[in-house]
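**Student:** Mind looking at a prediction? Sequence and model below.
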Amino acid sequence: MTIKLTVVIPTKNRENDLVALVESLMLQSRLPDELIIVDQSDTPDSKNNITGRWTKALSSELVYILDPSIKGLVDAKRVGSDRAKNELVCFLDDDLILDKHFIREMVKPFEHDSSIFGSSGIFINFPKMSKFYKIIFSLFHRGIFKDPRPAVFRTYLGYSNELVKTSVLWGGITAWRRRILKEVPFDTHNSLFMMEDFDYSRKVRETIEDGMFINPNARAIHNHSLVNRPSEADQEERKIFEYMSYYKKSKHGHFSLMQLVWLLIGLFLDVLYKSIRSGNVTLIKAYLNGIKRSKYSEL
């Protein structure tokens, strides 16, 4: 069974990154059937550049939405999924470079197994993590914060690797059946950004039976664009704020509070270690600011 695919790319003021991603899309062994770019940029530069290039990919339709009034990643994903025509919708971060068989491999499992309703590809350039870090991560991310994704951070060869069952998908390299996106709409009113994919996976799990997998055969390089990316301290503050906000949304009793406290202990040990190594307490201040910010915020 052949399934048609729509690719949705949210973007803002990242013309060079977007062009590199689109060029890697145009070199795919299987092109997407539809490309939707949801652009929140201040100027039409990216649109003019991309629309001039995409005419080479004649078998795929390009829908370019330039609208600075769209606020944030989640709202952009909502707009893109609402416009998508096809059964499968793949969301991509705008600073990726795709392996030449990414689209082919992303679609393949959905065509052969109707029980799969969501699947993430993998990033092949994650910094190497020590066994110690993986143990620490697993030790403190427990209960509602359990995250199985770091377990797949390794090198994969070929295109016959087995899918890995998971409870959490990455938001920026993930395909969903469109009916799932209709049944579980994006929450554009919450305050989550870094934890958006974690929260969306939770809502899918609570609504539909398990059917999420990580696909090691669909691979990409994540360039981590510096455009629109906050400083390390700002990211730390945001991370703490979002973990606490996620707890407020998903708590299920006293054990969840214990899991939050346990996680915060682990995260504090992490910033303490970094601060001692750098001789700078900026990250500790950011950690405390994140807690304070969450304390006085409402979802």
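**Tutor:** Sure thing, it's come through.
**Student:** how many other residues sit next to residue 149?
**Tutor:** Look at residue 149: counted by other Cβ atoms under 10 Å, it has 18 neighbours. Glycine gets a C-beta too; all of them are placed from N, C-alpha and C.
**Student:** typed the wrong thing, it's residue 68
**Tutor:** When neighbours are counted by other Cβ under 10 Å, residue 68 comes out with 12.
**Student:** ok, so what distance separates it from residue 13?
**Tutor:** 10 Å (Cβ to Cβ, to the nearest Å).
**Student:** likewise residue 210?
**Tutor:** 38 Å.
**Student:** Pick out whichever of the two has more residues nearby.
**Tutor:** A count of neighbours by other Cβ under 10 Å puts residue 13 above the other of residue 210 and residue 13, at 18 against 13.
**Student:** Check the residue lying closest to the more buried one once chain neighbours are set aside and give its pLDDT.
**Tutor:** Excluding the flanking residues, the one nearest residue 13 by Cβ to Cβ, 6 or more residues apart in numbering is residue 41, at 4.9 Å. Listed pLDDT for residue 41 reads 94.
**Student:** now do residue 130
**Tutor:** Confidence score, pLDDT, at residue 130: 69.
**Student:** Same check on residue 148?
**Tutor:** pLDDT at residue 148 comes out at 89.
**Student:** cool, and residue 66?
**Tutor:** For residue 66, the model assigns a pLDDT of 96.
**Student:** Could you verify my assumption that it touches residue 44?
**Tutor:** Yes: assessed by Cβ atoms under 8 Å, residue 66 is found in contact with residue 44 at 6.0 Å.
**Student:** Those two: which is more packed in?
**Tutor:** Neighbour comparison, residue 66 and residue 44: the larger count goes to residue 66, with 16 against 12 (by other Cβ under 10 Å).
**Student:** Spit out the contact partners of that one.
**Tutor:** For residue 66, the contacting residues are 39, 41, 44, 46-47, by Cβ atoms under 8 Å, 6 or more residues apart in numbering.
**Student:** Using CSV, write down the CA coordinates of whichever strand or helix holds residue 248.
**Tutor:** Using DSSP states H and E, residue 248 maps to helix 232-250. The C-alpha trace of helix 232-250 is given here as CSV (Å, rounded to 0.1, in the frame of the first residue of the first chain):
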residue,chain,number,x,y,z
GLU,A,232,22.7,28.5,27.7
ALA,A,233,21.4,30.3,30.8
ASP,A,234,18.1,31.2,29.1
GLN,A,235,17.7,27.6,28.0
GLU,A,236,18.4,26.4,31.5
GLU,A,237,15.8,28.7,33.0
ARG,A,238,13.3,27.7,30.3
LYS,A,239,14.0,24.0,30.8
ILE,A,240,13.3,24.2,34.6
PHE,A,241,10.2,26.3,33.9
GLU,A,242,8.8,23.8,31.4
TYR,A,243,9.5,20.7,33.5
MET,A,244,7.5,22.3,36.3
SER,A,245,4.8,23.5,33.9
TYR,A,246,4.6,19.9,32.5
TYR,A,247,4.1,18.6,36.0
LYS,A,248,1.2,21.0,36.6
LYS,A,249,-0.5,19.7,33.4
SER,A,250,0.1,16.0,33.9
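**Student:** Now do that helix: distance to the chain's middle.
**Tutor:** Averaging C-alpha positions (Cα atoms, centre = their mean, to the nearest Å) puts helix 232-250 16 Å from its chain's average.
**Student:** show me where pLDDT drops low in the stretch 51-200 of the chain?
**Tutor:** Residue ranges of the stretch 51-200 of the chain with pLDDT under 70: 56-58, 130.
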